[in-house]
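Q: From the sequence below, what's the structure:
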Amino acid sequence: MRLWLCIVLLSSVLCASADRPAIVRAGQRAWDAVVRAGHFVRDAAGGTRDMFRAYQDMREANYKGADKYFHARGNYDAARRGPGGAWAARVISDARENWQSGVSGRGAEDTRADQEANAWGRNGGDPNRYRPAGLPRKY
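A: Numbers count the residues shown, from 1 in each chain. The predicted structure is shown next:
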């Protein structure tokens, strides 16, 4: 009995360490792609939450001149999550600016400044660059 147990364990070790057949490797690559896609979706969802939290904080703070800071902070937090978060931040920022440019009436200069703050945060720049003096530390 012990001999058979040793043979089975040795066979398992040898099989586990041997090269896997091509069909198994192809299946593993497909599985890896599914896992990467899942990570992207998870990061995108987290980035969306980060952007929404920055928007809520901006509304709550209601502080004049702080919008660029919250744009940069939301993009920064989302992009730190990974490629999915950066993608979500870019899509949300672009959609928001396209919608606001026609509605807010603040003009192209404000839209350009908002997009600059968005890109700054998304590229890893410190959002405090846009932080206005006097904004409560809570934010």
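Q: Following the chain past the top helix by length along the chain, name the next helix or strand.
A: Scanning the chain for the helix with the most residues, using DSSP state H, yields helix 22-61. The helix or strand immediately downstream of helix 22-61 is helix 67-79, counting by DSSP states H and E.
Q: what's stretch 114-129 in contact with?
A: 67-69, 71-80, 86, 89-90, 93, 97, 100, 130 (Cβ atoms under 8 Å, 6 or more residues apart in numbering). No exception for glycine: its C-beta is placed from N, CA and C like everyone else's.
Q: for that stretch, what is the average pLDDT?
A: Confidence for stretch 114-129, expressed as mean pLDDT, is 97.
Q: Show the end-to-end separation of that stretch, please.
A: Terminal residues of stretch 114-129 are spaced 13 Å apart (Cα to Cα, to the nearest Å).
Q: quick one on the thing from earlier: check which helices and strands the longest helix of the chain is in contact with.
A: Helix 22-61 makes packing contacts with helix 67-79, helix 83-103 when contacts are defined by 3 or more Cβ pairs under 8 Å, 6 or more residues apart in numbering; DSSP states H and E.
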